[in-house]
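Student: what's the 3D shape of this:
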Amino acid sequence: MKKLLLILVIAGVANGALAQQTQKILKKSTVDKLFTCPLDLMLDTLSMTYHLNIVFERDSLHSMDIVEHFFNEPLKSVLDKVCSANDLHYWIESDGSIYVLQNTDDLDRLKKLNRIKQTGSGAIKAFALEPPKGPPTHFMFTISGRVVDQNSGESLPSASIRIRNTDLMATANTDGNFTIFNIPSDTCVVEVSYSGYQPDYVRLNAKNINNVLVLSMFKSLNTLNEVTIMGKKSGVMNTDTKKVGVLQLSPANLDKLPSLGEKDIMRAFQLMPGVGATNESSSGAYVRGGTPDQNLVVFDGFTIYQVDHLYGFFSAFNSNAVKDVQLYKGGFSSQYGGRLSSVTEINGKDGNKNEANFGVDLSLLSINLFAETPINDKSSLLVAFRRSYQGPLYDKIFKQFNTSTATGGGGPGGGGPGRGFGESTTPASHFYDADVRYTYHLDKSNSLSWSFYSGTDETNNSRKLDIPSFLSSNTSDINITDYTKYGNLGTSVKWFSQWSPKLHSNTYLTYSSYFNDRNRTNSGTITDSDGDEKAFSNGTIENNDLKDIGVKSEWEWQLSNKLKLLYGGFGTHEKINYTYTQNDTSKLIDQHNMAFLGGAYAELEIDPNNKLHLQPGMRTTWFQPTGKIYYEPRFSASYVLSDNYTLKAATGQFYQFMNEVTREDVVNGNRNFWVLANNSNIPVSMSRHFMGGISYENDQFLIDVEGYYKTLSGLTQYSIRQTGFEPRSGGTTSIEQDFYTGSGYAKGIEILLQKKLGRYTGWLGYTLADAENKFAIYGNNYYPADQDIRHEFKAINMYHYYRWNFSAVFIFSTGHPYTAPLSTYTITNADGNTTTSYNVGGKNAERLPDYHRLDLSATYDLIKINGNKVGSIGLSLFNVYNHTNIWYREYQLQNNAAITTDVNYLGFTPNLTLSLRWK
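Tutor: Got it, this is the predicted structure:
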């Protein structure tokens, strides 16, 4: 055994390998012995016999007696048995030490005890980083490597790598790769850190500097009260100090964030300043005055056009299938294009390369299943599936608060006060989605990945509108059909190639499609003056579908520690169909457009010194319908004032060639549909960003203040207007419908105060913003955009207590603007029948009431004897005090009265979740 240990210590090159050595000893060593003694003495015996560093609190364990005879049982089974019998856990750290814990939060205290123990004479020490084998023989060379999870083999994007006792640092890219130049000698130590993982170390030598370094990291024990910090990225949600407006999130950390049911990456971003959190009906990102269609969402290279599920309660992305997410709130890299506001880049998991892993997440609303497994030594597979179900509690949640309330309504004859009434309604909905990812490693430098996503939603807000007796003399109750079905399908094939230690590329073939079909019609009967009943049916039917197929190649060339070149090319063929039919007969819109666009980009990342970072870039796009080339210069910079203070700034020009156009509908609520820009009535949109900020960060806290100003042009809306009629003088009326072009701007300031470490963590966020548009059809003045929110405040509070995680989220914002009808009037047609119409108030001149809610959640972690988390049980309470927040307002015009319907967000909604994992 001693010889085996010696061989293992000599062979080890990293702390991760030391932990593996301890695990091998536990599995391969056997125990054949009778123990009749206190537990602390038994652990001392095991420690001395098998040369393990076992750390525990002696006073507590001395009172636990062991009377057991083990017959050639594996050492791991012995440790499992005695810990289980005494309600203990054990945990193996990356240095090979075994910690025996009464509570998982004891780890930090026992680490300090271990440091004291290591100084004692005769103590068995943890495996240490091997010393240099001799004097250095290589100088000023380059190393390259990859950072991965030890258990699954998944790459760890954004991990921090540095050379000990130098200023040389690097950050792993989306594939986990890094390169560092000018290493002083082959005796240096490489340090690597990543949020949620134990720090790791590698001693360089004459042999491993010639190979690709694979830095395998072990996860940290599920505890928050102390974290070993090698860099600044230790919080649940991280910022990039070199870039303005960048948020980074690992789905592995989502269980530390407040949960409203299932872990949700898009909802997590909505908790940060600058990203709207009051649009419950959408998981889409309303970023810095932008709309969701102005946010590019890229999943494994292909675009996702609709990011909602289930009334916006879930996002379209299954966290069990996602590895890494980054949100660029503006001023983003020239690598990304086609959107005006922001970018969300999502990378899917490759699947466990080492062992099969299965899991299920259950809640009162949905089920989430996933499996990942190696297929052979070169390939792996991940499959994930989610579906909501509508049981009795689901019905209670979504129908409990459908109460009717009286509201004011416009009166007849041009605006006199009249009687009105109203009701409230909450839609019912269900969804499913599926993710598949297969990865095949051709060799050490090349791999292929196939990713597939499909998701579909059905939302039904159909209902019967009961007409009060004082209005129902000649009209029956109205049957309202309000049915929507939409979905995404996307797939990509990615070829990754490491051409040299300095150069690698990702090349994609992508396909994405989206459809949205909506039926919004009314039907009923009306009694004419002769007493005859006549059936009526009116309303609209919409069909919108989009397809794109593309190819792109992205290259990264690390020229030196101070200079990196990013470049690539792309080409996409897009096709959009949209039909909008009124009253089953009149097609107001019948569009069938297609386009090709292609181009290239290039960008430099320049670090002249350790304080200054510069990132100039250029993107060019040729758009077939206009036959023009669009140039998009980009620039960002940061300057480190001191160890804690950083200045940041960014600017750029951005074009968008397909837009989700707002169709104004005062009566039924605005709706959106996708269209392609053309060379006539739908222009190419353009925006310019100007952003700057300053941040203060230490190991415990982050204070970040950023301001932004954005100009927008080429905005498009669609509207239907009745013209040519004066209600008091009579006359004929006509309907005009067209696309209208406008401009806009958005400006604001964001403040973030974040506490990153300790039992209590969280942040406070405040946004003061202004988003306004100007369309000639609404006048010559700017008016609040639909998404304008002047003030928004968020308080995120998390408390960790042993296996418990508690959270509380409070959100407040001023109300959204909307357009309301001022009054109703009656038109007598040539056939003698009458039609009720309405006069419209100023564009977005009204505001909904202020929005606010409180959410609470509690999660209990299920942990194995060896400390690994195998699941959790959670309770979430959404909108605890059951405040009524209004989504939008609808108006039904009947007998010279405006029937107002408040379509509300969710009221008080409890949810239970159970998550389980098997290996």
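Student: so where do the helices sit in the stretch 301-450 of the chain?
Tutor: For the stretch 301-450 of the chain, helices defined by DSSP state H, counting those that start in this stretch occupy the ranges 392-399.
Student: show me where pLDDT drops low in it?
Tutor: Per-residue confidence for the stretch 301-450 of the chain (pLDDT under 70) gives these ranges: 311-312, 391-428.
Student: ranges for the strands of the stretch 351-500 of the chain?
Tutor: For the stretch 351-500 of the chain, the strands defined by DSSP state E, counting those that start in this stretch occupy 357-363, 366-376, 379-388, 409-410, 417-418, 422-425, 428-443, 446-460, 463-465, 478-500.
Student: Which one of the ones you listed lies nearest to residue 293?
Tutor: Evaluated over the strands of the stretch 351-500 of the chain, closeness to residue 293 peaks at strand 478-500, with 13.6 Å, by CB to CB. (C-beta placed from N, C-alpha, C; glycine too.)
Student: Quick check: what element follows that closest one along the chain?
Tutor: Toward the C-terminal end, the helix or strand that comes next after strand 478-500 (DSSP states H and E) is strand 503-527.
Student: Which positions in that next one come out as buried?
Tutor: Judged by neighbour count using 16 or more other CB atoms under 10 Å, the buried positions of strand 503-527 are 504-522, 524.
Student: same thing with stretch 740-757?
Tutor: Of all the residues in stretch 740-757, those buried under the rule 16+ other CB under 10 Å are 740-748, 750-757.
Student: and the strand ranked longest in the chain with strand 503-527, angle?
Tutor: Longest strand in the chain, counting residues (DSSP state E): strand 533-560. Relative orientation of strand 533-560 versus strand 503-527 (axes from the mean of the first three to the mean of the last three CA atoms, to 10 degrees): 170 degrees.
Student: Sheet partners, orientation included, of strand 533-560?
Tutor: Strands that pair with strand 533-560, judged by DSSP bridges, come out as strand 503-527 (antiparallel), strand 563-582 (antiparallel).
Student: Going by residue numbers, what spans are helices in this protein?
Tutor: 2-11, 15-28, 39-50, 58-62, 75-85, 107-118, 265-269, 392-399 (DSSP state H).
Student: then the second one to CSV, C-alphas only?
Tutor: Extracted in CSV, the C-alpha atoms of helix 15-28 (Å, rounded to 0.1, in the frame of the first residue of the first chain):
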residue,chain,number,x,y,z
ASN,A,15,-4.9,18.8,-6.7
GLY,A,16,-7.7,17.2,-8.7
ALA,A,17,-5.5,14.2,-9.2
LEU,A,18,-4.9,14.0,-5.5
ALA,A,19,-8.6,13.7,-4.7
GLN,A,20,-8.8,10.9,-7.3
GLN,A,21,-6.0,9.1,-5.5
THR,A,22,-7.9,9.2,-2.2
GLN,A,23,-11.0,7.9,-4.0
LYS,A,24,-9.0,5.0,-5.5
ILE,A,25,-7.7,4.1,-2.1
LEU,A,26,-11.2,4.1,-0.7
LYS,A,27,-12.5,1.8,-3.5
LYS,A,28,-9.5,-0.6,-3.8
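Student: Distance check, the residue nearest to residue 747 when sequence neighbours are not counted against residue 321.
Tutor: In this structure, residue 747 finds its nearest non-sequential neighbour in residue 709, 4.5 Å apart by CB to CB, 6 or more residues apart in numbering. Distance, residue 709 to residue 321, by CB to CB, to the nearest Å: 37 Å.
Student: And those two? Which one has more around it.
Tutor: Set side by side, residue 709 and residue 321 show more neighbours around residue 321, with 28 against 18, by other CB atoms under 10 Å.
Student: ok, that one - contacts?
Tutor: By CB atoms under 8 Å, 6 or more residues apart in numbering, the contact list for residue 321 reads 348, 349, 370, 382, 384, 435, 437.
Student: Compare these and tell me which has the most neighbours.
Tutor: Scoring these on neighbours with other CB under 10 Å, the highest-scoring entry is residue 348 at 26 neighbours.
Student: how far away is that residue from residue 141?
Tutor: 35 Å.
Student: tell me, how many neighbours does residue 289 end up with?
Tutor: Using other CB under 10 Å, residue 289 is surrounded by 28 other residues.
Student: Now do the phi/psi pair for it.
Tutor: The phi/psi pair for residue 289 (degrees, to the nearest 10) reads phi 80, psi 0.
Student: That one against residue 785, yeah?
Tutor: Yes: counting by CB atoms under 8 Å, residue 289 touches residue 785, with 7.0 Å between them.
Student: rewinding a little: pick the most buried one from the strands of the stretch 351-500 of the chain.
Tutor: The highest average neighbour count among the strands of the stretch 351-500 of the chain, using mean count of other CB atoms under 10 Å, belongs to strand 409-410 at a mean of 24.
Student: ok, back up a step: any idea of the angle the longest strand of the chain forms with strand 478-500?
Tutor: 10 degrees.
Student: tell me the mean pLDDT over strand 533-560?
Tutor: Model confidence over strand 533-560, given as mean pLDDT, is 88.
Student: How far away from the center of its chain is that strand?
Tutor: 20 Å (CA atoms, centre = their mean, to the nearest Å).
Student: Now it: buried residues?
Tutor: Buried residues in strand 533-560 (16+ other CB under 10 Å): 539-542, 544-548, 550-552, 554-558.
Student: For the nearest residue to residue 860 once chain neighbours are set aside, which residues count as its bridge partners?
Tutor: Closest residue in space to residue 860, ignoring its immediate chain neighbours: residue 873 at 5.0 Å, by CB to CB, 6+ apart. With DSSP bridges applied, residue 873 shows beta-bridge pairing to residue 860, residue 914.
Student: The chain should start at 636 in everything you say after this.
Tutor: All right, first residue 636 from here; so that's residue 1508.
Student: Let me know whether residue 1508 touches residue 1498 as I believe.
Tutor: No: if you go by CB under 8 Å, residue 1508 and residue 1498 don't touch, sitting 12.0 Å apart.
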